[in-house]
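>>> Give me a model of this one.
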Amino acid sequence: MSIATAQVAAGRPELAREEVVTHCLIRDVTLHSGRTLALVTLHNNSPRPNTLGPAGLAELGAALNALADRAAAGLIDAVGVTGKPGVLAAGADLTVFKSLGSAEEFTAFARLGHEVLGTLAGLPVPSFCFVNGTALGGGLELALHATYRTVSASAGALGLPEVSIGLVPGWGGAFLLPNLIGIDRALDVVLWNPLRQNRTLTAQQAVDLTIVDAIFPSVRYLEDSLRWADDILTGAIKVERPYRPDALDRVDAWPSAIDAAGVELHDRFGRVPEAPWAAIELLSAAVDGQRGAAFAREDEAITTLAGGAQFAASVYALDLTRQRGKRPTGAPDPALATSISKVGVVGAGLMARQFALLVLRRLCIPVLITDVDQLRVDTAVAAIHADLDRQHANGRFNTDTLGRLRALIRGTTDLTEYADCTLVIEAVFEDLAVKHQVLCRIEQVVGPDTVLATNTSSLSVEQIGSVLARPQRFVGIHFFNPVAVMPLVEIVGTPITGNTTLATAFSFAKSLGKSAVRTADSPGFVVNRLLAVVMGEAIHAIDQGTPLTEVEQAFTPLCLPMTPLQLIDLAGWTVVAHVLDTMAAAFPDRFHASQNLHRLADVPVVLERDAAKHITGWSPDARCVLSTGGTPSTAAEILHRVQDGLAGEIAIMLNDKVVADVADIDLCMILGAGWRGLNGGITPYLDRERVSQRILGTTFNQPPVAASGDSTAARSHGG
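Numbering: from 1, shown residues only. Modelled structure (predicted):
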């Protein structure tokens, strides 16, 4: 191992103290044919997933070098690598990586990974990686360096997520993957999946993409993998890879795919995000098939990106979701929570169906869904059954589980069946009188300890619960659409809500796999209040006479997952009109209500789109009802106003104690609005762009997140 790379492991003693070292446990396995396979098991002796830091990489490198010597001496016939139960490796050790302070150290760490993993690729005998569980980032790159790969059917997350944290695959992934599976598929794994809320691959998807060569059930996974490896060594099995390097179209298809990806990336995000463009450059250059040059390019890209603001911001966002998102501030003692044995859902619309399906899948308990019309109820139950059938067909669960889940969902118009529910959540139309009527009827039926909840997105939870005889058991549990995908739940208490009710709401959210943030009972809570700033400014600019495409372009620097008009169209023009009306009524000096929104709500198709579904303009019907002024704004003016509006609103929310800390604002926007990790959350972005300084005279985070590699140092200025 070179002196330069060894310095990463030995030259900074404080890094060694931070690293949870993943060790190498080595044993010889005699295969059925009599051949010997040296099996390396990665294990960090910790409840945490295996990660690859400098010390762990150095140990792995030494082990592989020793095995290379044994192989050269004819003592072993193959080498296999696997992980501790449930995980091969979850990537590089970010705790260590984000503490590196210089370009030289970043480069050395990147080279260290290339050297060690390259040792596996350069063994004089065949190498196997037995992917027994999670394999992300450097973990999957480790597998890619092996000659052959198998995967356990139970492996839950495989992928190269580096782009989502402001980096690129830096240990061979940007070269090896496209040369293994083709450029189109590699673009999905390296670029688009990380940008799609960090989507990962299932074991079967990895097989379908030919990232791995074989899949085996988890029950006898290692035994089956060793038997398969023996058949490879004896020649009984020959691996056929349809995307052989010599069969790839490097002249036409490769550059065409890169060009198309660049056009799509520019349309969706502009040039602001650095890591996706760096990934495209690496994938493009990998067409030359030159491994050494490709690895040098990866080293250079890692060095550049790791020292930048977007990586620091992305790690801050990652820390928020991993730490604060799992241990919510302001939650009562979990021991106070009551057990949920049956859930009632009031309403049979889209959100109600999603609640019911999520509870069924996660908790496997009875779920009751009601509405005033039996046909609506039957339609909702049929839709839930169809969703369950699709999941079963996709292999998510077996036939017995399908039958059990279908039996657990029941629909009716008879509200007396709520009597034995331990939690009932209403998801009816955002009308206070309707909610009052529904909740009063349900309270008369359920037991005295049943938790009653509302999924309101903008109405006052206290006002909704004011008609109840026991308002202390009433709470807001605000989910986001689509319910199964969006990881955030806003828990909204009132001055009367009891701790038992709050604890039950937090426990319920956690059991559904959600991250919960406690918010005050304030209009729009957190996410919708800030999105109302964004959507309100967009529709205000349109009311003034700004062309639609100019408005869309203005928001590109925010790197939102969708433009304001796309968001309005997805949420529904009627819903957004109601939200903005509510916010403008509460804060008329800061929020813009628009009659155009109400006019457009009555139009069947509002927006025109091209073949790629990009918005190109208003539909003819929309143009007929729009009423606009003659004072259009430029994109720069719109961006300036929305930035100032966001900073001012966040400062007010912090002063009013809507949440406990500025970190909760960021967490809500990351998990509830899809705010890009490269911004680190909304407040690091406003700090970095000097908006908070312009509006408040200080920064939200002190020190600002992007000003230091220490992304954990982020505290509220206190308003």
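>>> Verify the contact between Arg518 and Val489 for me.
No: contact criterion Cβ atoms under 8 Å: Arg518 and Val489 do not qualify, at 10.1 Å. The C-beta positions use only the backbone N, C-alpha and C, and glycine is treated the same way.
>>> Looking at the two, which is more packed in?
Between Arg518 and Val489, Val489 has the larger neighbour count (other Cβ atoms under 10 Å), namely 26 against 20.
>>> That one contacts Lys514, correct?
Yes: at 4.4 Å, Val489 counts as touching Lys514 under the criterion of Cβ under 8 Å.
>>> what do the two both touch?
Phe479 (Cβ atoms under 8 Å, 6 or more residues apart in numbering).
>>> What ranges does the stretch 301-450 of the chain have for its strands?
Assigned by DSSP state E, counting those that start in this stretch, the stretch 301-450 of the chain shows strands spanning 343-346, 367-370, 409-412, 423-426.
>>> so of these, which one's packed in deepest?
Of all these, strand 343-346 carries the top mean neighbour count, a mean of 26, counting by mean count of other Cβ atoms under 10 Å.
>>> List the contacts of Asp213.
Listed by Cβ under 8 Å, 6+ apart, the contact set of Asp213 reads 148-150, 207, 239, 241.
>>> In space, what's closest to it - neighbours in sequence excluded?
Val239 (5.0 Å; Cβ to Cβ, 6 or more residues apart in numbering).
>>> downstream neighbour of the helix or strand harbouring Ile477 in the secondary structure list?
Assigned by DSSP states H and E, Ile477 belongs to strand 474-478. Proceeding N to C from strand 474-478, the next assigned helix or strand is strand 488-492, under DSSP H and E.
>>> So what touches that next one?
328, 331, 461, 475-480, 502, 505-506, 509, 512, 514-521, 525-527, 667-668, 671-672.
>>> try 6 Å
461, 476, 478-480, 505-506, 509, 514-519, 521, 525, 671-672 (Cβ atoms under 6 Å, 6 or more residues apart in numbering).
>>> Repeat that for stretch 517-526.
So stretch 517-526 is in contact with 330, 458, 460-462, 490-492, 494, 532, 582-583, 586, 658-659, 664, 667-668, going by Cβ under 6 Å, 6+ apart.
>>> Among those residues, name the buried ones.
330, 458, 460-462, 490-492, 494, 532, 582-583, 658-659, 664, 667-668 (16 or more other Cβ atoms under 10 Å).
>>> Among the residues you listed, which ones are in helices?
Cross-referencing the buried ones among the contacts of stretch 517-526 against helices under DSSP state H gives 461-462, 532, 582-583, 664, 667-668.
>>> ok, so of those, who is nearest Arg641?
Ala532 (13.8 Å; Cβ to Cβ).
>>> That closest one is in contact with Met583, isn't it?
Yes: counting by Cβ atoms under 6 Å, Ala532 does reach Met583; the two are 4.6 Å apart.
>>> Overlap of the contact sets of the two?
Residues touching both Ala532 and Met583 (Cβ under 6 Å, 6+ apart) are 524, 591.
>>> And for the closest residue to Thr519 other than its chain neighbours, the neighbour number?
Among residues not flanking Thr519 along the chain, Phe525 sits closest, at 4.6 Å (Cβ to Cβ, 6+ apart). Phe525 is flanked by 26 other residues according to other Cβ under 10 Å.
>>> do Gly545 as well
What Gly545 shows, counting by other Cβ under 10 Å, is a neighbour count of 14.
>>> List the contacts of it.
Contacts of Gly545 (Cβ under 6 Å, 6+ apart): 628-630, 632.
>>> ok, of those residues, which one's closest to Val21?
Pro632 (59.9 Å).
>>> OK, contacts around the closest one?
Residues near Pro632 by Cβ under 6 Å, 6+ apart: 544-546.
>>> Throw those into CSV and include pLDDT, thanks.
What follows is those, written out as CSV (pLDDT from 0 to 100):
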residue, pLDDT
Gln544, 96
Gly545, 96
Thr546, 96
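>>> okay, those residues in CSV with distance to Leu31 and secondary structure next?
Below are the contacts of Pro632 laid out as CSV (distance: Cβ to Cβ, whole Å; DSSP: H, G, I helix; E, B strand; the rest coil):
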residue, distance to Leu31, secondary structure
Gln544, 74, helix
Gly545, 75, coil
Thr546, 70, coil
